[in-house]
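Colleague: No sequence on hand, only this structure:
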């Protein structure tokens, strides 16, 4: 299946965007083909809403039905992400699509992404909580190899621009790499401006509150 142009692909991805849609995409990307029953055990929404969301995602070309399995008195359908669509969408296409969104759509995209990130991180946390010794040994090995990364920090706009440039170069490089590779890691990146209403205590605010940094 071929999709053109790339901007149209990004528009398809963001059509009717919601936390539920992003959760479906992320879970299937990590676990492989899944059924509505399997997805409903993780995604907190009604089965009817989930069925409707998946039906629309199939219609939009975001998901494809891969197979059906008979289970007693009902049939389970397995769904996978449409790799042709996702492979055709580049990092720059997504950024361009977001830049051109109206206020309501932008608010929905940012809200859905951050809410789904929270849900996905909760799933990962539960996975760690259930880890046995062998699993934890693997985590330590990944840390040694710098393949398990946990970081939280605040930065200046200048430093954030440097990171953004490196990130853009990274995605451009892998977007241009046509080699078939197995997905073995989940990379969730959130770089967010600190706004006054967020209530975060930045370094400068901390100094004002504690008196540190005063001459």
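Modeller: Noted; the coordinates are in hand. If you're wondering where the values come from, they're calculated on a predicted model, not measured in any experiment.

Colleague: By mean pLDDT, which helix or strand of this protein comes out lowest?
Modeller: When each helix and strand of the chain is scored by mean pLDDT, DSSP states H and E, helix 203-210 comes last, with a mean of 50.

Colleague: So in the protein, which helix runs the longest?
Modeller: Secondary structure of the chain read by DSSP state H shows that its longest helix is helix 103-129.

Colleague: which other helices and strands contact it?
Modeller: Packing partners of helix 103-129 (3 or more CB pairs under 8 Å, 6 or more residues apart in numbering; DSSP states H and E): helix 19-31. (Each C-beta comes from the backbone N, C-alpha and C, glycine too.)

Colleague: So for the helix it packs on, mean pLDDT?
Modeller: In this model, helix 19-31 has a mean pLDDT of 86.

Colleague: helices and strands around it, which ones?
Modeller: With contacts taken as 3+ CB pairs under 8 Å, 6+ apart, helix 19-31 sits against helix 36-40, helix 47-59, strand 74-81, helix 103-129.

Colleague: Mind putting these into TSV with distance to residue 27 and mean pLDDT?
Modeller: Shown next, in TSV, are these (distance: least, CB to CB, whole Å; pLDDT from 0 to 100):
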stretch	distance to residue 27	mean pLDDT
helix 36-40	6	90
helix 47-59	11	90
strand 74-81	10	91
helix 103-129	8	86
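
Colleague: what's the most buried one of those?
Modeller: Stretch with highest mean neighbour count among those: helix 36-40 (a mean of 17; mean count of other CB atoms under 10 Å).

Colleague: and stretch 80-93, how far apart are its ends?
Modeller: For stretch 80-93, the separation between the terminal residues is 22 Å (CA to CA, to the nearest Å).

Colleague: Mind telling me what element residue 64 is part of?
Modeller: Using DSSP states H and E, residue 64 sits in strand 63-71.

Colleague: Name the residues of that strand that come out as buried.
Modeller: 63-64 (16 or more other CB atoms under 10 Å).

Colleague: Now do it: distance to the chain's middle.
Modeller: In terms of CA atoms, centre = their mean, to the nearest Å, the centre of strand 63-71 is found 24 Å from the chain centre.

Colleague: Mean confidence (pLDDT) on that strand, please.
Modeller: The model assigns strand 63-71 a mean pLDDT of 91.

Colleague: tell me what it is packed against?
Modeller: On a contact count with 3+ CB pairs under 8 Å, 6+ apart, strand 63-71 meets helix 47-59, strand 74-81.
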